[in-house]
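S.K.: Structure for this input, please:
(one chain, ligands or ions: 1)
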Amino acid sequence: MIVVTGATGNVGRPLVRMLAEAGEKVTAVARRAPEALPEGVRAVAGDLTDAEGFAGVLEGAEKLFLLFAPGSFAADVPGVLAAARAAGVRQVVLLSSQGVATRPESASHGQLGAAIEEAVRASGMEWTILRPSGFQSNVLAWAEQVRGARTVSAPFGDVGVPFVDPEDIAAMAAAALRESGHAGRTYVLTGPVAETPRERTRVLGEILGESVRFEEVTAEQARAQMLTFMPADAVETTLAILGAPTEDELRISPDIDTVLGRPARPFAAWARRNIDAFR
Ligand SMILES: NC(=O)c1ccc[n+]([C@@H]2O[C@H](COP(=O)([O-])OP(=O)(O)OC[C@H]3O[C@@H](n4cnc5c(N)ncnc54)[C@H](OP(=O)(O)O)[C@@H]3O)[C@@H](O)[C@H]2O)c1
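M.R.: Just a heads-up that it's a prediction; the model follows:
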């Protein structure tokens, strides 16, 4: 049985679907037990900040897809991993972040991520680590403005970064969980091309069949808005990635192509699947 954490999220939901379609036995976990799951998938409520309580979720599991989402920043990572091992889990696939390598000085992206990766590598279980770039789904933050005023207000309108489709991340996780040859591997996951916020806005407009206006805001305005829901260090690192990506953050990774045997998907594919959020 495979336990999928973050099962109601951008990556976890499609991962649960892919594993169920492939005939795997799946337990889908989030703090609020997931609903509307594929037939046969078990839904369980579990909190990663409570390693002891989480042990019950892991009973009977052989494999674990693990993420530490913002709601689990206080998670007891070694505790959760020890509980997994004690429950008989022999393989873990970790959703990490490219920032572990590209922003080592950042407490949020680099240092916390590196500590979590290290705990996974030292867990005694077989491991695979996924390091995605920014998610294409981050534009859901624009949905309300697009619905209400057909406008996107964002900083760094002409800076492109190769954001990745969360369904590609899920497909990589499914491959790592189901196929051999991925143990001890760390994969970097990016999109196929660096697209700018202005280009993403145009794509949304084309799919909606209506023009959507792009309005550039200053980094200062973006910072003030982001500080309302993110810690200061995470805000600074995110702004740096969006406004001044490093060479490594601009490089298109071959890993999705190599493992899945098809190219990574561009933003337009994500946008077509999710356009209802913007109508
Ligand atoms: N967005 C990006 O650009 C980006 C880039 C690189 C890496 N990442 C990484 O991707 C991960 C987020 O993935 P995502 O976008 O698929 O997630 P998401 O859509 O933000 O959803 C988070 C999921 O985790 C669950 N969750 C939150 N806190 C939890 C807790 N304490 N215990 C158990 N489950 C909890 C949520 O459900 P409940 O709220 O019901 O618990 C939900 O299922 C993070 O680890 C982040 O660092 C993101």
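S.K.: what lines up beside the helix or strand harbouring Ser153 in the sheet?
M.R.: Assigning secondary structure by DSSP states H and E places Ser153 in strand 151-154. For strand 151-154, sheet partners with direction are given as strand 213-216 (parallel), following DSSP bridges.
S.K.: Show residues contacting the strand holding Ser153.
M.R.: The set of residues external to strand 151-154 that reach it, using CB atoms under 8 Å, 6 or more residues apart in numbering, is 142, 145-146, 197, 200-201, 204, 212-217, 222. From N, CA and C alone the C-beta is placed, and that goes for glycine too.
S.K.: backbone phi and psi for Ser123, please?
M.R.: The main-chain torsion angles of Ser123 are listed as degrees, to the nearest 10 and equal phi -70, psi -20.
S.K.: pLDDT averaged over stretch 37-49 - what is it?
M.R.: Across stretch 37-49, the average pLDDT comes to 95.
S.K.: I misspoke; the intended subject was stretch 86-95.
M.R.: Here the mean pLDDT over stretch 86-95 is 98, rounded to a whole number.
S.K.: coming back round to it: after the strand holding Ser153, which helix or strand is next?
M.R.: The next secondary structure element downstream of strand 151-154 (using DSSP H and E) turns out to be helix 166-178.
S.K.: Helices of the stretch 1-150 of the chain, residue ranges please.
M.R.: Taking DSSP state H, counting those that start in this stretch as the criterion, the stretch 1-150 of the chain carries its helices at 12-21, 51-57, 77-86, 99-102, 112-121, 143-149.
S.K.: Mind putting the ones you listed into TSV with mean neighbour count?
M.R.: Converted to TSV, these look like this (neighbours: other CB atoms under 10 Å):
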stretch	mean neighbour count
helix 12-21	22
helix 51-57	17
helix 77-86	20
helix 99-102	22
helix 112-121	18
helix 143-149	14
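S.K.: Figure out which of those helices is closest to Thr27.
M.R.: Ranking the helices of the stretch 1-150 of the chain by their distance to Thr27 (criterion: CB to CB) puts helix 51-57 first, at 7.1 Å.
S.K.: what sits up against the closest one?
M.R.: For helix 51-57, the surrounding residues in contact (CB under 8 Å, 6+ apart) are 3, 27, 29, 44, 46-48, 75-76, 79-80, 82-83, 86-87.
S.K.: where's the one helix or strand in the chain whose mean pLDDT sits lowest relative to the chain centroid, distance-wise?
M.R.: For the chain, counting by mean pLDDT, DSSP states H and E, helix 51-57 ranks last in confidence among helices and strands (a mean of 92). The offset between the C-alpha centroid of helix 51-57 and the centroid of the whole chain comes to 23 Å, using CA atoms, centre = their mean, to the nearest Å.
S.K.: again with stretch 36-52
M.R.: Centre to centre, stretch against its chain (CA atoms, centre = their mean), the figure for stretch 36-52 is 18 Å.
S.K.: rewinding a little: output the strand holding Ser153 in CSV, but only the C-alpha positions, please.
M.R.: Extracted C-alpha coordinates of strand 151-154, given in CSV (Å, rounded to 0.1, in the frame of the first residue of the first chain):
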residue,chain,number,x,y,z
THR,A,151,-6.5,41.8,-14.8
VAL,A,152,-3.3,40.3,-13.5
SER,A,153,-1.2,42.4,-11.1
ALA,A,154,2.2,40.9,-10.6
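S.K.: from the contacts of helix 51-57, which single one is nearest Leu239?
M.R.: Of the contacts of helix 51-57, the one sitting nearest to Leu239 (CB to CB) turns out to be Ala75, at 25.2 Å.
S.K.: measure that closest one to Glu126 for me?
M.R.: 21 Å (CB to CB, to the nearest Å).
S.K.: which parts of the protein sit against the ligand?
M.R.: If contact is defined as CB under 6 Å from any ligand atom, the residues of the chain in contact with the ligand are 5-12, 30-32, 46-49, 67-69, 71-72, 95, 97, 132, 134-135, 138, 166.
S.K.: Which of these fall in strands?
M.R.: Assigned to strands by DSSP state E, the following of those qualify: Ala30, Leu67, Leu95, Pro132.
S.K.: Confirm for me that the third one is in contact with Val120.
M.R.: Right, Leu95. No - counting by CB atoms under 8 Å, Leu95 stays clear of Val120, with 10.6 Å between them.
S.K.: I am finished for the moment; much appreciated.
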